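A.B. asks: Sequence plus predicted model, see below.
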Amino acid sequence: MVRGTTLRKAALGAATGLTLGYAAVRAAQAVRDLRTPYAPRADRDPGRYGAARRALGLAGGARTVAALATAAFLLADPLDRALRPLPRPLRAPAFALVLLAIEAMRDLGTEYVEGHVLERVYGTSEQSARGWLADQAKGTAVAAVITALLVALADAVVVRTPRRWPLIAIAATPPLLAFATVIAPTFVMPLFNTYEPVSGELEQRIRALAERYGVGNAAILRFDMSRQTKKANAFVTGVLGTERIALGDTLVSEFADDETLYVVAHELGHYVRRDPWLSIAFGTASIGATLLGADAALRRTTKRGLDSPAQGARLAFYATLAQLALLPLANAFSRAIERRADRFALAATNHRDAGIRAFKRLGEQNLAELEPPRWAELLFSSHPSLASRIRALEA
């Protein structure tokens, strides 16, 4: 027992040291960049950029687990005691918001270096530090509002049904995800970018393509993606009448019309095949498995259920471990629906050459490796490699 306690304390000390040390190094690098910006690289090497991103992904996973362990097993109980004078309905939201504020301040330097400086150094972004910080502030504010509402709702359920709350949470997940899918494109995304209807000949071609599949009423929008990055992208979002196919201005301006039409056909494939609803179903299953596993781990390790905000922090720790374990499965699901959308795009446009050119241009503009290491694709990639998608078209 003593040996086990000693090992746990040593592990917690190592996790805390990693969290604080990493944050301190990144904060120093951020301050240095603000004073004297790091110079851009002379070359735009997709291999070097991809290797850097993979290293940061692995480090980020370890850092996330370490930070959550510190919050759950070092900060949670003292913070819980400090907030006990608050009325019971306010304790859990206040607890979550304090931890969110600590995380935001601690990780600001890390996010700045890894999310802003790296992209600028490799030439994939020209966003100013002020613009990046403004987006971060908006994102943190949105996260705070959503966190407070969800935690307050979850805490009310737990107080009333301390044993059955996981089942109630799982049952509530589909409508919550559907609601989020409606709210995000309508109210959240416009906080960060301006969305305008696509016009001209391109809009006519896209509309004609959409009408062929009975979805001519979907909103087809262009947004100022160039505010944040030079990379090109498009996506489909929304359900229940809020469906939108959104094209980055970097895509519209840099791609030939037939290449853009192929990308749009791919996104249209998601819409026609009801992929947003499939994602909600998969997300519900994933969240359900995560909550049940995390609740079982919490009861086994603490001999208590979810009876306090501190226990909620420990539940979040176990849930994150479960989510990391499920990540390869989630990415495999995502890659499968992306391949299906590719097949839809080819059938819709009958223009494999445009698809091949579009994928190659995406690789050049996004500084993406055509063929990343297989292990990295299995662990981290939500999309198939560009090389595999090109081979499928060439076949």
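C.D. replies: Looks like it came in fine.

A.B. asks: Might one say that Met201 is in contact with Thr260?
C.D. replies: Residue 201: Glu, not Met. No: using C-beta atoms under 8 Å, Glu201 is not in contact with Thr260, being 11.1 Å away. C-betas here are computed from N, CA, C, even on glycine.

A.B. asks: quick one, which of those two is more surrounded?
C.D. replies: Using other C-beta atoms under 10 Å, the more surrounded residue of Glu201 and Thr260 is Thr260, with 23 against 8.

A.B. asks: and the helix or strand where Leu100 lies, what other elements does it pack with?
C.D. replies: For Leu100, the host element (DSSP states H and E) is helix 88-112. Secondary-structure packing of helix 88-112 (3 or more C-beta pairs under 8 Å, 6 or more residues apart in numbering; DSSP states H and E): helix 2-35, helix 46-70, helix 76-82, helix 129-160, helix 309-349.

A.B. asks: make it 7 Å
C.D. replies: Under the contact definition 3 or more C-beta pairs under 7 Å, 6 or more residues apart in numbering; DSSP states H and E, helix 88-112 sits against helix 2-35, helix 76-82, helix 129-160, helix 309-349.

A.B. asks: Find the nearest non-adjacent residue to Arg163, please.
C.D. replies: For Arg163, ignoring the flanking residues on the chain, the nearest one in space by C-beta to C-beta, 6 or more residues apart in numbering is Gly305 at 7.3 Å.

A.B. asks: and if you look at Ala218?
C.D. replies: The shortest distance from Ala218 to any non-neighbouring residue, by C-beta to C-beta, 6+ apart, is to Glu243 (4.7 Å).

A.B. asks: ok, now how distant is that neighbour from Gly216?
C.D. replies: The gap separating Glu243 from Gly216 is 11 Å, by C-beta to C-beta, to the nearest Å.

A.B. asks: the more surrounded of these two?
C.D. replies: Taking other C-beta under 10 Å, Glu243 and Gly216 do not tie; Glu243 has more neighbours (19 against 13).

A.B. asks: picking up where we left off before, could you identify which of the helices and strands packed on helix 88-112 is most buried?
C.D. replies: For these, the largest average neighbour count (mean count of other C-beta atoms under 10 Å) is found in helix 309-349, namely a mean of 18.

A.B. asks: Same question for the following helix or strand past it: list its buried residues.
C.D. replies: Later in the chain than helix 309-349, the nearest helix or strand by DSSP H and E is helix 352-366. For helix 352-366, a neighbour-count test (16 or more other C-beta atoms under 10 Å) marks Arg352, Ala354, Gly355, Ile356, Arg357, Ala358, Phe359, Arg361, Leu362, Gly363, Gln365, Asn366 as buried.

A.B. asks: Quick check: of those, which lies closest to Arg26?
C.D. replies: The nearest member of the buried residues of helix 352-366 to Arg26, counting by C-beta to C-beta, is Asn366 at 24.2 Å.

A.B. asks: got a pLDDT number for that closest one?
C.D. replies: What the model reports as pLDDT for Asn366 is 91.

A.B. asks: thought it was touching Ala232?
C.D. replies: Yes: between Asn366 and Ala232 there is a contact under C-beta atoms under 7 Å: 6.4 Å.

A.B. asks: so where's the stretch 101-250 of the chain uncertain?
C.D. replies: Residue ranges of the stretch 101-250 of the chain with pLDDT under 70: 238-241.

A.B. asks: A strand includes Glu196, no?
C.D. replies: Yes: membership of Glu196 in a strand is supported by DSSP: H, G, I helix; E, B strand; the rest coil.

A.B. asks: host element of the closest residue to it other than its chain neighbours?
C.D. replies: Leaving out its chain neighbours, the residue that sits closest to Glu196 by C-beta to C-beta, 6+ apart is Arg222, at 5.6 Å. Using DSSP H and E, Arg222 maps to strand 219-223.

A.B. asks: who touches that strand?
C.D. replies: For strand 219-223, the surrounding residues in contact (C-beta atoms under 7 Å, 6 or more residues apart in numbering) are 193-198, 203, 206-207, 243-249, 252.
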